[in-house]
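A.B. asks: Sharing a model that was predicted from the sequence below.
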Amino acid sequence: MKIYNVAILGTGFGGLGMALRLRSEGETDFLVLEKAGNVGGTWRDNTYPGAACDVRSHLYWFSFTERPEWSKSYCDQPEILHNIERLVERSGLKPFIRFNTEVIDAQWDETELVWRIRTTGDETILARNFVAAWGQLNRPSFAGVEGRANFKGPLFHSARWQHDVDIAGKRIACIGNGPSAVQLIPELARKAEHLTVFQRSPNYLVPRLDRPYTDDEQRIFHAVPATRDANRQAIYADHESWYDAFIMGSSKAAEFTAMARAQLESQVADPVLREKLWPDYPIGCKRIVICDDFYPAIVRPNVTLETEPIAGVESNGIRTKDGRLHEFDVIIFSTGFETRSMLGVADIKGRGGKSLREAWTPVPEAYLGITVAGFPNFHMLYGPNTNLGHNSIILMMECQIEYVLKALRAAKEHDVQALDVKDSVMTEYNRQLQKEFEGTAWSGSCSSWYKHDGRISNNYSGNVEHYKARTGEFKLSDYELIRQAEAESA
Ligand code: NAP
């Protein structure tokens, strides 16, 4: 039976980046498994009105491929998805992708030293290396709000937008006011007869100042691609400097707090509403939202900000805990994603049948966010503790991709069939990482999807340069080396 050198799960930025870099290294013995019928990951799934990226366009792309000619400073979802699809077409990656193929589970075979990956097509794929790029934010969460099935009108999640539902002239509820919701709410407010936003806790919002590139700028970017690179570098340096805003008590944190307060005061005149919209936790504890049209939407006469907690959904609307029934035609949940397990639906079983789901209970952890002790040749992109609040996640994925390539090279050079990170190395790494969080905003007094059971499990502790340095060297001594002959005689 065919054994691939590498099987990749997912065709978001992570999976595609891995495949492209494998190809450019001359590797063709790989395949990419994609549960859907198209590429794009989060940019395929999130099609809600207003969906866009809050990282500036020129930075929001791979460094190792030709860069798109973006139409505006912050790119919208359709343009991002279009550019991803174009990249896949132009790079000739499509034949490597198996669409509509969902991974059910994967088991490490300790004798053959391969991953046995089972798919929904009842097929088993064998691969020496397994790269999981399922992302952290792909399974919508309804936040445990009860009674959803009772509602007689359309009810859906922002990450599964129902385009056939006409929202014009309707009474709409939007539950949530996170980074997705703030992009959606101005669009809803423009079309709804009335919009009610259910806010559990407010966010810090700093200005976005998005604008289309002028014809002159477009011409220059096109004629002199180096100007796009220079722009990218400048944005990168600017974003890296934002990291300090996540250090509690820093001058950057004060600067960002003042910026957020100034935006609130200039856009919301009503002092009572203002205070409802002002957070009581340190800036950065939840994602700082980059948005300048949320407050103008909230102050519209056809919009209500509801801060009374939700008791549940009923046939005609939403009942709040104070007993009031709020009647709606359409209910939209923008309540985030299932991030606790960090696993997709697939379970992964390593040495001795050890389950990743169990290993990650109560909290997921990995070495460098990339690999887990007891799971040889298993690599993750955007794994535990690799999320950022201040810069583009694509840059972190690039570090991970380069690290995986180094691991593959090291195994080849040393004639080992499998590498398993030492438990002691992984434990020490995580001890150090948690120590580095002391004094950061993520350790502050808020609840967010960045942490579980009080432990910060999703975010990285430093900036991109810090992670780049940490992942820049592949230390073979961090790993147990597993050879075929030894595995067979064991
Ligand atoms: P999220 O940050 O998890 O926000 C979920 C929202 O739902 C929060 O406002 C939360 O309130 C609220 N919520 C949950 N249960 C609720 C309840 N019972 N009643 C009222 N509100 C409730 O999810 P998201 O907005 O989809 O964003 C997730 C991540 O996606 C972001 O952090 C970001 O990394 C990414 N994202 C990025 C972009 C981009 O432009 N690059 C855009 C969108 C999203 P609490 O705050 O009180 O929990």
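C.D. replies: Nice, I can see it. Numbering: from 1, shown residues only.

A.B. asks: From now on I want contacts and neighbour counts done on CA atoms only, so please keep to that.
C.D. replies: Noted.

A.B. asks: Flag every buried residue along stretch 326-334.
C.D. replies: 327-334 (16 or more other C-alpha atoms under 10 Å).

A.B. asks: Mind checking which of these are in strands?
C.D. replies: Using DSSP state E, 327, 330-333 are the members of those that sit in strands.

A.B. asks: can you tell me which strand in this structure is longest?
C.D. replies: Assigned via DSSP E, the chain shows its longest strand as strand 124-132.

A.B. asks: List the neighbouring strands of the helix or strand following that one plus their orientation.
C.D. replies: Under the assignment DSSP states H and E, the closest C-terminal helix or strand after strand 124-132 is strand 155-157. Counting by DSSP bridges, the strands paired with strand 155-157 are strand 330-333 (parallel).

A.B. asks: and the strand it pairs with, does that touch the ligand?
C.D. replies: No - using C-alpha under 6 Å from any ligand atom, strand 330-333 stays clear of the ligand, with a minimum separation of 7.6 Å.

A.B. asks: Can I get that strand in CSV, CA atoms only?
C.D. replies: Output in CSV follows, covering the C-alpha atoms of strand 330-333 (Å, rounded to 0.1, in the frame of the first residue of the first chain):
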residue,chain,number,x,y,z
VAL,A,330,-33.9,36.5,12.8
ILE,A,331,-31.3,35.5,15.4
ILE,A,332,-27.6,35.5,14.7
PHE,A,333,-25.0,34.0,17.0
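
A.B. asks: tell me which residues of the very next helix or strand once past that strand are tucked away?
C.D. replies: Proceeding C-terminally, strand 330-333 gives way to strand 347-349 as the next helix or strand, assigned by DSSP H and E. For strand 347-349, a neighbour-count test (16+ other C-alpha under 10 Å) marks 347-349 as buried.

A.B. asks: and the helix or strand following strand 347-349, which residues are buried?
C.D. replies: Where DSSP H and E defines the elements, the next helix or strand beyond strand 347-349 is helix 356-359. Within helix 356-359, the residues that count as buried by 16+ other C-alpha under 10 Å are 356-357.

A.B. asks: where does L184 land on pLDDT?
C.D. replies: L184 carries a pLDDT score of 98 in this model.

A.B. asks: Report how many residues lie close to it.
C.D. replies: 21 (other C-alpha atoms under 10 Å).

A.B. asks: can you pull the contacts of the closest residue to it other than its chain neighbours?
C.D. replies: Using C-alpha to C-alpha, 6 or more residues apart in numbering and skipping the chain neighbours, the partner closest in space to L184 is G50 (5.2 Å). Taking C-alpha atoms under 8 Å, 6 or more residues apart in numbering as the criterion, G50 is in contact with 76, 183-184, 186-187.

A.B. asks: and if you look at R324?
C.D. replies: R324 neighbours (C-alpha under 8 Å, 6+ apart): none.

A.B. asks: Same question for I318.
C.D. replies: By C-alpha under 8 Å, 6+ apart, the contact list for I318 reads 310-312, 325-328.

A.B. asks: quick one: is stretch 42-49 near the ligand?
C.D. replies: No - Stretch 42-49 lies apart from the ligand when judged by C-alpha under 6 Å from any ligand atom; the minimum separation is 8.5 Å.

A.B. asks: End to end on that stretch, go ahead and measure it.
C.D. replies: Stretch 42-49 has an end-to-end distance of 14 Å (C-alpha to C-alpha, to the nearest Å).

A.B. asks: residues in contact with it?
C.D. replies: 12, 38, 77-78, 80-81, 137-138, 158-161, 183-184, 187.

A.B. asks: Highest neighbour count among these?
C.D. replies: A159 (26 neighbours).

A.B. asks: I'd like the distance between the residue nearest to it when sequence neighbours are not counted and G369.
C.D. replies: In space, and not counting its chain neighbours, A159 is closest to N46: 4.6 Å by C-alpha to C-alpha, 6+ apart. For N46, the distance to G369 (C-alpha to C-alpha) stands at 25 Å.
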